[in-house]
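# Fold the stuff below for me.
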Amino acid sequence: MRFELVLIFLLMALVVLVASIRKGKRELRPEYVRRELLTSREFEFFRRLRVALPTAVVHAQVAMSALIDVKGAGKAGRNRFDRKVFDFVICTDAGRVLYVVELDDRSHASAAARKRDRVKDEIAQAVGLRVIRYGSLNTSVEVLQRDFSAMVDLVAYEGA
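Here you go, the predicted model:
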């Protein structure tokens with residue numbers, strides 16, 4: 001009788017253990033949450049870019065891998081930028097990429113953020129892609145237009 005009680009107890013403990021493991025696995029399932037494409041600050045800057053550059057096409061949150069590829073370094077080379085995103089990509093109305101815009105707010109002040117920014121800049125420079133960084137959401141329309149005109153002239157000059 002004692003053996004039977006021990007066996008019943010062990011079986012009950014096993015059932016409880018299996019049930020808790022299954023419950024734990026269910027809790028590990030990710031919960032997907034929808035988010036906005038741009039933060040309110042990024043969207044405000046996006047609107048400012050569109051006003052300032054009416055002849056340009058402005059793309060937001062573009063994966064670096066959409067514009068850059070790696071040859072010869074395999075996965076390690078791609079991993080340096082694989083999950084990084086450019087804030088905005090400025091193109092001609094014909095779709096030619098002119099340059100990239102990065103909005104550097106307070107979140108870019110840490111050493112780790114500055115290092116990530118340097119990696120982005122280094123990789124972009126390696127493929128001849130220019131990056132313009134703006135430190136303020138309130139960058140004037142005139143400055144944005146001046147920089148755009150300079151980039152259009154530079155691309156035209158390089159293409160000549």
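
# Give the bridge partners for the residue nearest the centre of the chain, please.
Per Cα atoms, centre = their mean, the C-alpha nearest to the average position across the chain is that of V85, at 2.8 Å. For V85, the beta-bridge partners are A63 (DSSP bridges).

# did I read that right, A156 in a strand?
No: secondary structure assignment (DSSP: H, G, I helix; E, B strand; the rest coil) places A156 in helix, not in a strand.

# Neighbours of it, how many?
9 (other Cβ atoms under 10 Å). All C-beta atoms are positioned from the backbone trio N, CA, C, and that covers glycine.

# do D69 as well
Neighbours of D69 (other Cβ under 10 Å): 9.

# what's near enough to touch it?
Under the criterion of Cβ atoms under 8 Å, 6 or more residues apart in numbering, D69 has no neighbours.

# mind pulling up the phi and psi values for it?
phi -130, psi 170 (degrees, to the nearest 10).

# So for it, what's the pLDDT?
pLDDT recorded at D69 is 87.

# now do L7
The model's pLDDT for L7 equals 68.

# again with A73
Reported pLDDT for A73: 68.
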